[in-house]
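**Student:** Got a sequence here, can you build the structure:
(chains A, B and C)
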Amino acid sequence: MPEGHTLHRLAKLHQRRYAGSTVRVSSPQGKFAASFVDGRRFVRAEAHGKHLFHVYGPDTTVHVHLGLYGTFAEFPHPVLEPVGQVRMRLAGPTHWTDLRGPTRCEVLTDVEVAALRARLGPDPLRRDAKPEVAHARVARSRQSLAVLLLDQSVLAGVGNVYRAEVLFRHGVHPLVPGNEVDRALWDDLWLDLTVLMRGGVKTGRIDTVRPEHMPDVTGRAPRKDRHGGEVYVYRRTGQPCLVCGTPVAAAELAGRNLYWCPTCQPA
DNA sequence: GATCTATGTAGAT
DNA sequence: TCTACCTAGATCG
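**Tutor:** This is a model prediction of the structure:
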């Protein structure tokens, strides 16, 4: 479920729950070296793209990447017996949280954290992000914009849902080559991503449909997709476009599903 | 209950 | 380009 907004939302939550407190950290499953941080003071939590960092002190940062499956679940005290495979359990003064199924959960030194972050492009959800850095990469690439938007070294945090939706909202065909994307279009896409993703951090869902295009949801079951919100094209293959009625198209590109409206996003 | 699918990435080929 | 990772909700029967 995680695109960048999920990780920023988790970082805010963990900051509120655990920052400044001494925490108990364990790995009921045994696959994480929890003893490096157990009993230490949780200094702060932050996110960059889809990466989450729990900072405990110099050269002691827990790096988490959820991958496709990873999830955090949080509960108020009392702490219960672990059920199933729990990679990391973190318990603070009022709440505890279990991490399951992440791609990464590891303790890194400051040099390792810096190296990891050096591989990431600017993140629309971070104040320090410079969109022109991402545009410089895009503008000199012949790869499609669809591929570039998912490349975390170009920009960090966009996933398959935001990719499909931001291209739709700007009427851009997914296969436009990067070197045909001028600065004005890039800035429009970037600004829209900051708005959409900040909304995602607030609500925990991905909502991209403008009010005037919102379908009549009365009498209809709530969306079952895990992103939870209303979207224009993501996973709406064959359903009518909310703007023009054309069936939404889908194709596989570089191993990921791509969705677009052939009419609203002409080649 | 079994099967399918996925908002992701690294590493092998 | 392919596969492994290995969770959980939706869908099928």
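**Student:** is stretch A:37-55 up against DNA strand C anywhere?
**Tutor:** No: taking CB under 7 Å from any atom of the strand as the criterion, stretch A:37-55 and DNA strand C are apart, separated by no less than 13.7 Å. Where C-beta positions appear, they are placed from N, C-alpha and C, glycine not excepted.
**Student:** Tell me the spacing between residue A:230 and residue A:213.
**Tutor:** Computed as CB to CB, to the nearest Å, the residue A:230 to residue A:213 distance reads 9 Å.
**Student:** same deal with residue A:146?
**Tutor:** Distance of residue A:146 to residue A:213, given as CB to CB: 22 Å.
**Student:** With residue A:148 instead?
**Tutor:** On the measure of CB to CB, residue A:148 and residue A:213 end up 26 Å apart.
**Student:** More neighbours: which of the two?
**Tutor:** Set side by side, residue A:148 and residue A:213 show more neighbours around residue A:148, with 22 against 13, by other CB atoms under 10 Å.
**Student:** Is the more buried one in a helix, a strand, or coil?
**Tutor:** Following DSSP: H, G, I helix; E, B strand; the rest coil, the label given to residue A:148 is helix.
**Student:** The stretch 51-200 of chain A: helices as residue ranges?
**Tutor:** Secondary structure of the stretch 51-200 of chain A by DSSP state H, counting those that start in this stretch: the helices cover A:110-118, A:131-139, A:145-150, A:160-169, A:183-203.
**Student:** okay, these in a markdown table with distance to DNA strand C and mean pLDDT next?
**Tutor:** Formatted as a markdown table, those follow (distance: least, CB to the nearest atom of the strand, whole Å; pLDDT from 0 to 100):
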| stretch | distance to DNA strand C | mean pLDDT |
| --- | --- | --- |
| helix A:110-118 | 18 | 94 |
| helix A:131-139 | 18 | 96 |
| helix A:145-150 | 10 | 96 |
| helix A:160-169 | 14 | 96 |
| helix A:183-203 | 17 | 96 |
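**Student:** Surely residue A:41 and residue A:56 touch.
**Tutor:** Yes: using CB atoms under 8 Å, residue A:41 makes contact with residue A:56 at a distance of 6.9 Å.
**Student:** Same drill for these two, tell me which one is more crowded.
**Tutor:** Neighbours per residue, other CB under 10 Å: of residue A:41 and residue A:56, the larger number sits with residue A:56, 18 against 13.
**Student:** OK, now which residue of the stretch 1-150 of chain A is nearest to DNA strand C?
**Tutor:** Per CB to the nearest atom of the strand, residue A:101 is where the stretch 1-150 of chain A lies closest to DNA strand C, at 2.8 Å.
**Student:** The residue nearest to residue A:88 when sequence neighbours are not counted: what's it in contact with?
**Tutor:** Using CB to CB, 6 or more residues apart in numbering and skipping the chain neighbours, the partner closest in space to residue A:88 is residue A:99 (4.3 Å). Residue A:99 makes contact with A:64, A:70, A:71, A:72, A:86, A:87, A:88, A:89, A:90, A:105, according to CB atoms under 8 Å, 6 or more residues apart in numbering.
**Student:** make it 10 Å
**Tutor:** With contacts taken as CB atoms under 10 Å, 6 or more residues apart in numbering, residue A:99 has the following neighbours: A:10, A:27, A:29, A:32, A:52, A:62, A:64, A:66, A:70-73, A:86-90, A:105.
**Student:** ditto for residue A:208
**Tutor:** By CB under 10 Å, 6+ apart, the contact set of residue A:208 is A:161-162, A:164-166, A:168-169, A:192, A:195-196, A:199-200, A:227, A:229-234.
**Student:** Now a PyMOL select for only the buried ones of these.
**Tutor:** Applying 16 or more other CB atoms under 10 Å to the contacts of residue A:208 leaves a buried subset, and the PyMOL line that selects it is:
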select buried, chain A and resi 161+162+164+165+166+168+169+192+196+200+227+229+230+231+232+233+234
